[in-house]
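A.B. asks: How does the following fold in three dimensions:
(chains A and B)
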Amino acid sequence: MDISSWDGTLSSSDFCLAAHAFTEKWKRINPVLPPWSWVPRPKSPWLASHEVEGYLSLENMCILRSCEEDHDEKSHKGNEEPNCLGKDEYIDNATLVQSYRQDVRYFDFHIVYSASYRVPVLYFRTYSSDGQPLLLEDIEKELPGNSTNVLMESKWTFITQEEHPYLNRPWYKLHPCGTSEWMKLLFLTDPSLGGSQGVPVELYLSSWISMVGQAVGLKVPLEMFNKRKE
Amino acid sequence: MDVEAMGREAQKYVWEGAIPLQIHLHESEVTTLPHPSPALVLAPRMGYLPLLLPLLKPHFSSTLPPGVDTIWFEYKGLPLKWHIPTGVLFDLLCAEQERPWNLTVHFRGYPGNILTPCEGEDSVKWSFINSLKEAAYIVNGNCKNVMNMSQSDQVELWHSVLNGNMETYQRVSSKLKLEKVGDQYVGKPNSNLLKSRTNTGETDTGGPVKTGRIPVRLYVWSVSKDFDDLEDAPQIDSWDQISYMNRPVEIHREEDKCFTLRDAVKALLPELFVEKTLIDEEIPRIELEEESRAPSDDESNTRNEEDVEEKQGENVECCCPSDDAETKLKLVRIQGIEPKLEIPFSWVVNNLMNPEHFLHICVFVKVPQAKPLPHDR
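C.D. replies: Now for the predicted structure:
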């Protein structure tokens, strides 16, 4: 489909394609990070439909937050970027200095397709190391500076707490009503994505997550939205 | 009465519909003797349970323990999702509709791990507007009309829902330009009998007929044990027993064919109609009005079987010997009624939808005995 006439959305079958391409790429590029997995829609096994329904899940993603103590300004480098913890990941020793109060945050991310908006939607929940769920205010306080900007300036991304479409529990969600607009913009303005060949479905999720990841402090390596195949 | 007038009657019926509730305070929150009597309340179908707080608080306030009120409801132990309209909860959770509907109210101990938080009327209003935006997006491809509503219009719209004022609602919501679903056959329910080649002009929309997406929320309750009477239907203990589908229905218009309620349910749950049930050989193949269509042989067989199946489904009583391998559509309930599946879907949507522009459909299905999945609780 021609990009200029594209409305920024994708069909549910395209979402499945994009999801599988995305998980493969993620595994390839970030072997040390936990992988995304495709979870088929739970319950009602008899409801196996012509469309494969399911969602992408990344759970127990551990993100270190360095929180500054009030009395320890000088040790704080002003770098609030969270570090994704992986086996071989280099950990800056300075962040292990006692004067920091290190908080480990666990995130569960689910990418669920919205049939209404025809775009993926990010659902997440976060909890501390003792399993205590965290409140939105706490999450927002801890987001890196640029994330809160993305959230506040953008009428396109805001966090709400709603029921997970499949799991009957409250989850946080990045509201999807602006997604199609900025996805279209993203693809129109970035020459490396698409171009004359039309909308590359396989790149949809990588590009999408580069945007939404910012809003929740999930760092996505640049290689993820490189069109060049490894 | 012509179809349009019937439609208006239906809308009035739905807007004025109310569920009689008998609300008991949970015993853990009763601090005085004697126990307070239950509150008797008429809850609007189109409304939401937390909005009943102003009616309930005075009734129970003298006995509540100290603390901040966070109201929530449960039915036989099942915490009720406050963002689902009251009428839908009743239609879904009470197979045999009990009147009054006995609910338990809590003012303390909000189950935040199960229910999304509700901070009173504002939360409900936000949820309503959010759903309306979603509906607008489905119908128009964008939410501009809702986002651009003036503050006063938004307030008026919300109040019309709060107070069940249909006239105000229709006046304000018409500004949203959420087109009524058009269907050139809506004026003639049996129009498929007549090979009408021209638009008869009996549409109930002034505008062009649109093929579109219709906002629908479908709740499927499936049980593995068959039941003949609704009062024998098993209890719903957990929301996990209900499949919730928030998926628009795409109307495909074909010449000489009316897109019916059955077509809509089939679009959402194709498995229910593909599954060939055991048809008792003695039941005659019913000669159908749809003969006027010229389907392939296969198609007409399917349709015949569907209609026989649908007849079985409509009478909850099963005329087939019970067979565990069957999947059976037992009931389709919308706004407390069980509409005939042949009714044009456009009529159903235009007259039975909720004010946030969603049509809520409750479906009861009997499924084959399933082997428990490894991760079943």
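A.B. asks: For the stretch 1-150 of chain B, which residues are neighbours of chain A?
C.D. replies: For the stretch 1-150 of chain B, the residues in contact with chain A (Cβ under 8 Å from any Cβ of the partner chain) are B:81, B:83, B:112-117, B:130, B:133-134, B:137-138, B:141, B:143. C-beta here means a position set from N, CA and C on the backbone, and glycine is covered the same way.
A.B. asks: Convert the C-alpha atoms of stretch B:342-362 to PDB, please.
C.D. replies: Output of stretch B:342-362 as PDB, limited to C-alpha atoms (Å, rounded to 0.1, in the frame of the first residue of the first chain):
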ATOM      1  CA  GLU B 342     -33.600 -12.300  11.400                       C
ATOM      2  CA  ILE B 343     -34.100  -8.700  12.400                       C
ATOM      3  CA  PRO B 344     -32.000  -6.300  10.300                       C
ATOM      4  CA  PHE B 345     -28.800  -5.500  12.300                       C
ATOM      5  CA  SER B 346     -29.100  -1.800  11.400                       C
ATOM      6  CA  TRP B 347     -32.400  -1.700  13.300                       C
ATOM      7  CA  VAL B 348     -31.000  -3.400  16.300                       C
ATOM      8  CA  VAL B 349     -28.000  -1.000  16.400                       C
ATOM      9  CA  ASN B 350     -30.000   2.200  15.900                       C
ATOM     10  CA  ASN B 351     -32.600   1.400  18.500                       C
ATOM     11  CA  LEU B 352     -30.900  -0.700  21.100                       C
ATOM     12  CA  MET B 353     -27.400   0.800  21.400                       C
ATOM     13  CA  ASN B 354     -26.200   2.400  24.600                       C
ATOM     14  CA  PRO B 355     -25.600   6.200  24.800                       C
ATOM     15  CA  GLU B 356     -21.800   5.700  24.300                       C
ATOM     16  CA  HIS B 357     -22.800   4.400  20.900                       C
ATOM     17  CA  PHE B 358     -21.900   0.800  21.600                       C
ATOM     18  CA  LEU B 359     -24.200  -2.100  21.100                       C
ATOM     19  CA  HIS B 360     -23.800  -4.600  23.900                       C
ATOM     20  CA  ILE B 361     -24.700  -8.200  23.100                       C
ATOM     21  CA  CYS B 362     -24.800 -11.000  25.600                       C
END
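A.B. asks: what about whichever helix or strand residue B:264 is part of and chain A, any contact?
C.D. replies: In this assignment (DSSP states H and E), residue B:264 forms part of helix B:261-268. No: using Cβ under 8 Å from any Cβ, helix B:261-268 stays clear of chain A, coming no nearer than 9.1 Å.
A.B. asks: Show me which positions of the helix or strand following that helix end up buried.
C.D. replies: Using DSSP H and E, the next helix or strand after helix B:261-268 towards the C-terminus is helix B:271-274. Neighbour-count burial for helix B:271-274, counted by 16 or more other Cβ atoms under 10 Å in any protein chain shown, picks out B:271-273.
A.B. asks: Of those, just say which sits nearest to chain A.
C.D. replies: residue B:271 (6.4 Å; Cβ to the nearest Cβ).
A.B. asks: just checking, next helix/strand downstream of the worst-scoring helix or strand of chain A on mean pLDDT?
C.D. replies: Across the helices and strands of chain A, mean confidence by mean pLDDT, DSSP states H and E is lowest for strand A:83-84: a mean of 43. Going down the chain from strand A:83-84, the next helix or strand is strand A:101-114, by DSSP H and E.
A.B. asks: Could you check the angle whatever helix or strand comes next after that following strand makes with strand A:101-114?
C.D. replies: Next helix or strand after strand A:101-114 toward the C-terminus (DSSP H and E): strand A:119-128. In terms of direction (axes from the mean of the first three to the mean of the last three Cα atoms, to 10 degrees), strand A:119-128 departs from strand A:101-114 by 150 degrees.
A.B. asks: Just the buried residues of strand A:119-128, please?
C.D. replies: Result for strand A:119-128 [16+ other Cβ under 10 Å]: buried residues A:119-126.
A.B. asks: At which residues are the strands of chain A located?
C.D. replies: A:37-40, A:54-67, A:83-84, A:101-114, A:119-128, A:159-163, A:170-174 (DSSP state E).
A.B. asks: And the furthest pair within the residues of the stretch 1-150 of chain B next to chain A?
C.D. replies: B:113 and B:141 (36.3 Å; Cβ to Cβ).
A.B. asks: who has more neighbours, those two?
C.D. replies: With neighbours defined as other Cβ atoms under 10 Å in any protein chain shown, residue B:113 and residue B:141 compare such that residue B:141 has more, 15 against 8.
A.B. asks: Could you pull up the residues touching the nearest residue to the more buried one once chain neighbours are set aside?
C.D. replies: Residue nearest to residue B:141 in three dimensions, not counting chain neighbours: residue A:7, with 7.0 Å by Cβ to Cβ, 6 or more residues apart in numbering or on different chains. Residue A:7 sits next to A:180, A:184, B:141 when contact means Cβ atoms under 8 Å, 6 or more residues apart in numbering or on different chains.
A.B. asks: you'd agree the second one is up against residue A:8?
C.D. replies: Which is residue A:184. Yes: look at residue A:184 against residue A:8 with Cβ atoms under 8 Å: they come within range, at 3.5 Å.
A.B. asks: who has more neighbours, those two?
C.D. replies: residue A:8 (21 against 18).
A.B. asks: The more buried one against residue A:188, yeah?
C.D. replies: No: Residue A:8 lies out of contact with residue A:188 (Cβ under 8 Å); the separation is 9.3 Å.
A.B. asks: Run through chain B and note the low-pLDDT ranges.
C.D. replies: Applying pLDDT under 70 to chain B flags residues B:182-211, B:255, B:274-325, B:369-377.
A.B. asks: again with chain A
C.D. replies: A:1-2, A:42-52, A:64-103, A:139-157, A:192-198, A:225-230.
A.B. asks: How is the nearest residue to residue B:88 once chain neighbours are set aside assigned, secondary-structure-wise?
C.D. replies: Spatial nearest neighbour of residue B:88, chain neighbours left out: residue B:360 (4.5 Å); criterion: Cβ to Cβ, 6+ apart. Applying DSSP: H, G, I helix; E, B strand; the rest coil to residue B:360 yields a three-state assignment of strand.
A.B. asks: can you pull up the bridge partners for residue B:360?
C.D. replies: residue B:217 (DSSP bridges).
A.B. asks: picking up where we left off before, what helices or strands is the helix holding residue B:264 leaning on?
C.D. replies: Applying 3 or more Cβ pairs under 8 Å, 6 or more residues apart in numbering or on different chains; DSSP states H and E, one finds that helix B:261-268 contacts strand B:216-223, strand B:249-250, helix B:271-274, strand B:328-333, helix B:345-352, strand B:359-366.
A.B. asks: okay, these in a markdown table with distance to residue B:60 next?
C.D. replies: Below are the helices and strands packed on helix B:261-268 laid out as a markdown table (distance: least, Cβ to Cβ, whole Å):
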| stretch | distance to residue B:60 |
| --- | --- |
| strand B:216-223 | 30 |
| strand B:249-250 | 42 |
| helix B:271-274 | 43 |
| strand B:328-333 | 31 |
| helix B:345-352 | 34 |
| strand B:359-366 | 29 |
